[in-house]
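S.K.: Sequence first, then the predicted structure:
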Amino acid sequence: MSSKINRWNMHQLGAYERLQYLRERRAQAAETQAKTAALANGFASIQINHAAAQGDLVSRMAMTRLNKTA
């Protein structure tokens, strides 16, 4: 089959070819999902680190204010 495989012409494939095609599609989907999950985890860790840094900054400011008033 020279044209691109899609859901309308997939029935023209043999059983083994169809199975191979679906395996490839599942592998591509799993790879895409893994990349997306890794990206989301990266963004989440950046957000957590940013929140922790902001908390540290606020606590430092509070400590310096306490030390100035004491």
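M.R.: Thanks, I have the structure now.

S.K.: Could you check the pLDDT of residue 21?
M.R.: You'll see residue 21 listed with a pLDDT of 93.

S.K.: May I ask you to confirm that it is in contact with residue 14?
M.R.: No. Under the criterion of C-beta atoms under 8 Å, residue 21 makes no contact with residue 14, lying 10.3 Å away. (C-beta placed from N, C-alpha, C; glycine too.)

S.K.: Those two: who's more crowded?
M.R.: Shown here are residue 21 and residue 14; by other C-beta atoms under 10 Å, residue 21 has more neighbours (13 against 8).

S.K.: and that one, how far is that from residue 27?
M.R.: Note on residue 21: its distance to residue 27, by C-beta to C-beta, to the nearest Å, is 11 Å.

S.K.: Regarding residue 3, what is its secondary structure?
M.R.: Using DSSP: H, G, I helix; E, B strand; the rest coil, the structure places residue 3 in coil.

S.K.: any idea how far it lies from residue 11?
M.R.: As it turns out, when the distance is counted by C-beta to C-beta, residue 3 lies 14 Å from residue 11.

S.K.: Pop out the phi and psi values for residue 14.
M.R.: phi -70, psi 170 (degrees, to the nearest 10).

S.K.: can you start the count at 7 instead of 1 from here on
M.R.: Sure thing, new numbering starts at 7, so read that last one as residue 20.

S.K.: Check the gap between it and residue 14 for me.
M.R.: Applying C-beta to C-beta, the value for residue 20 to residue 14 is 17 Å.
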